[in-house]
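> next comes the sequence, and after it the predicted model I'd like to discuss.
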Amino acid sequence: MSSTGMPIVMSSQKCGPLTGEAHVPGDKSISHRSLILGALAVGETKITGLLEGEDVLDTAKAMRAFGAEVIDHGGGKWSVHGVGVGGFAEPKQVIDCGNSGTGVRLIMGAMATTPITATFTGDASLNKRPMARVTDPIRALGAQAYGRAGGRLPMTIVGAAEPVPLRYTVPMPSAQVKSAVLLAGLNAPGDTVVIEKEATRDHTERMLSGFGATITTEETNEGRVITLAGQPELQPQVIVVPRDPSSAAFPVCAALITEGSDVVVPNIGLNPTRAGLFTTLREMGADLSYENPREEGGEPVADLRARYSPAMQGIEVPPERAASMIDEYPVLSVVAAFAKGATVMRGVKELRVKESDRIEAMASGLRANGIEVEDGPDWWIVHGKGIGQVPGGSRCDTHLDHRIAMSFLILGMASQAPVSIDDGGPIATSFPIFETLMATLGTKITRLT
């Protein structure tokens, strides 16, 4: 919803070639972590290119509430004067994390081993999401957690007065859970060890090392074993946030399905734990290339060029790739509708506990717009009709989910009839310039209310 609380009904329709450069916002995952680790360092961390969507701004407010000085200098330039590991102050008010599962889970971890108490809440969507996956391991570190039935927000965390180190195997592929445990382990004595059976995005490990923590990663028979030495003094950093690959997915996918398009998305982070969508699109036959590859701030970066690709074919996406593209499956399903044949996506049960049940939301909307979809507990199949063959013409429910909203707007750009959504307000949580940016490329998105 909008800031007034009223739904923003939006519609997109078939458009001509999309051309130009799409300067998408900074990476959301790195933006959250920059603020949190800056707050846990001693001294001033300088950040440029911060994503200024609602999710990240809520994390900035939370860091202020825990005692860090967080300053917005304008133009994506921020500074954080940190309080050091274990230096968080007890917040005076409830911490509202809005729509951000990443923000709330990482912040819970960061404060769990400091002897303070904090209460967390969020919007209607966030308050439905499971938090036990984080509260279980932080309890093992010595914290206490009191929430609603099923481990839901609102939730109060009582930080551990005498934290203990932990060896923890993450039960599901989740960078949020892994990161929460590592952040909690910063203020625990000895080594905190996290084991993940499937590798997930590794921004936290890279950034912890950059801030001066002693952290190692080893591939073993158990899986990926990450060992963090507790109680370091983190050193402030100068951080340049790369552009968000999850946001880049929308102009890239729009270009692939819109006749005559040729779009460049500069400075995209291509961390291999995040680039699964682009690998998948190329396997489907997308004309997608990486130009000017380089490294910035320890992260691989390149300019992405996407051209209209009418010959894309459906494929079976390897289940082990899911962790590297979990947020991109909704827009992938849109591309799949315009490919020929079936696109099979398995090992994706995590989609059912995101901001919405993303499998159900996308399956329902695609069916309403003339696409055959099969789905199960952890899989779904989209039977593509090919370019120019998607009927469209229906309104889709977004369930307060920003990625669902943007995905259906992309669908309308190449469908035979316009596609509308019940509420585009949540788009501001991750991609506040989405409408403006897409308009500069040549799309036709209109607000109906």
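Perfect, I can see it now.

> only C-alpha atoms for contact and neighbour calcs from this point on.
Noted.

> quick one, strands of the stretch 251-400 of the chain?
262-269, 287-296, 299-307, 316-317, 340-346, 372-376, 379-385, 395-396 (DSSP state E, counting those that start in this stretch).

> from the ones you listed, which stretch is densest packed?
Here the criterion is mean neighbour count by mean count of other C-alpha atoms under 10 Å, and of the strands of the stretch 251-400 of the chain the winner is strand 262-269, at a mean of 24.

> so what's Ala302 closest to, chain neighbours aside?
Pro293 (4.3 Å; C-alpha to C-alpha, 6 or more residues apart in numbering).

> which residues are in contact with the one you found?
The contact partners of Pro293, by C-alpha atoms under 8 Å, 6 or more residues apart in numbering, come to 300-303.

> rerun at 10 Å
267-270, 300-304 (C-alpha atoms under 10 Å, 6 or more residues apart in numbering).

> out of the residues you listed, what pair is the most spread apart?
Pro300 and Leu304 (12.4 Å; C-alpha to C-alpha).

> what sits in contact with each of those two?
Taking C-alpha under 10 Å, 6+ apart as the criterion, Pro300 and Leu304 both touch 267-270, 293.

> reformat those residues as TSV; add distance to Gly103 and pLDDT.
Formatted as TSV, those follow (distance: C-alpha to C-alpha, whole Å; pLDDT from 0 to 100):
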residue	distance to Gly103	pLDDT
Asn267	24	93
Ile268	22	94
Gly269	20	91
Leu270	22	92
Pro293	30	95
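
> between these, which is nearest Phe431?
Ile268 (14.7 Å).

> bridging residues for that closest one?
Taking DSSP bridges, one obtains Arg243, Ala302 as the residues bridged to Ile268.

> again with Thr192
Beta-bridge partners recorded for Thr192 (DSSP bridges): Leu228.

> now Glu435. Nearest residue, chain neighbours left out?
Excluding the flanking residues, the one nearest Glu435 by C-alpha to C-alpha, 6+ apart is Ile445, at 7.0 Å.

> got the contact list for that neighbour?
10-15, 409-410, 412-413, 418-420, 435-436, 438-439.

> contacting residues around the residue of the chain most remote from its centre?
Ranked by distance from the centre of the chain (C-alpha atoms, centre = their mean), the top residue is Glu162, with 32.6 Å. Residues near Glu162 by C-alpha under 10 Å, 6+ apart: 113-115, 141-143, 187-189.

> ok, of those residues, which one's closest to Ser364?
Nearest to Ser364 among those, with distances taken as C-alpha to C-alpha, is Ala143, at 40.5 Å.

> do I have it right that the closest one meets Pro115?
Yes - Ala143 is within contact range of Pro115, at 8.6 Å (criterion: C-alpha atoms under 10 Å).

> sketch out the low-pLDDT regions of the stretch 301-449 of the chain for me.
Along the stretch 301-449 of the chain, no part satisfies pLDDT under 70.

> so which residues of it form helices?
329-338, 358-368, 402-412, 434-441 (DSSP state H, counting those that start in this stretch).

> and the ones you listed as TSV, adding mean neighbour count?
As requested, these are exported to TSV (neighbours: other C-alpha atoms under 10 Å):
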stretch	mean neighbour count
helix 329-338	26
helix 358-368	21
helix 402-412	27
helix 434-441	17
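
> residue contacts, the residue lying closest to Asp191 once chain neighbours are set aside?
Counting by C-alpha to C-alpha, 6+ apart, Ala229 is the residue found nearest to Asp191 once chain neighbours are left out, at 4.6 Å. By C-alpha under 10 Å, 6+ apart, the contact set of Ala229 is 165, 182, 185-193, 213-216.

> the same query, at a cut-off of 7 Å, please.
190-192, 214-215 (C-alpha atoms under 7 Å, 6 or more residues apart in numbering).

> same deal with Asp375?
If you count contacts by C-alpha under 7 Å, 6+ apart, then Asp375 has Ile381 around it.

> switch to 8 Å and redo it
359, 363, 381.

> so what touches stretch 132-143?
Contacts of stretch 132-143 (C-alpha under 8 Å, 6+ apart): 105, 108-109, 112-113, 144-145, 150-152, 157-166, 168, 177, 180-181, 184-185, 188.

> can you tell me how far the residue farthest from the centre of the chain is from Leu37?
22 Å (C-alpha to C-alpha, to the nearest Å).

> coming back round to it: could you export the strands of the stretch 251-400 of the chain as a markdown table, including distance to Ala428?
Output for those, formatted as a markdown table (distance: least, C-alpha to C-alpha, whole Å):
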| stretch | distance to Ala428 |
| --- | --- |
| strand 262-269 | 20 |
| strand 287-296 | 27 |
| strand 299-307 | 23 |
| strand 316-317 | 30 |
| strand 340-346 | 28 |
| strand 372-376 | 29 |
| strand 379-385 | 28 |
| strand 395-396 | 18 |
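
> right, and these - which one's nearest Ala405?
strand 395-396 (8.3 Å).

> partners of the closest one, with directions?
As assigned by DSSP bridges, strand 395-396 forms pairs with strand 419-421 (parallel).

> residues contacting the partner strand, please?
Identification of contacts with strand 419-421 by C-alpha under 8 Å, 6+ apart yields 9-13, 369, 392-398, 405, 408-409, 411-412.

> tell me the buried residues in it?
419-421 (16 or more other C-alpha atoms under 10 Å).
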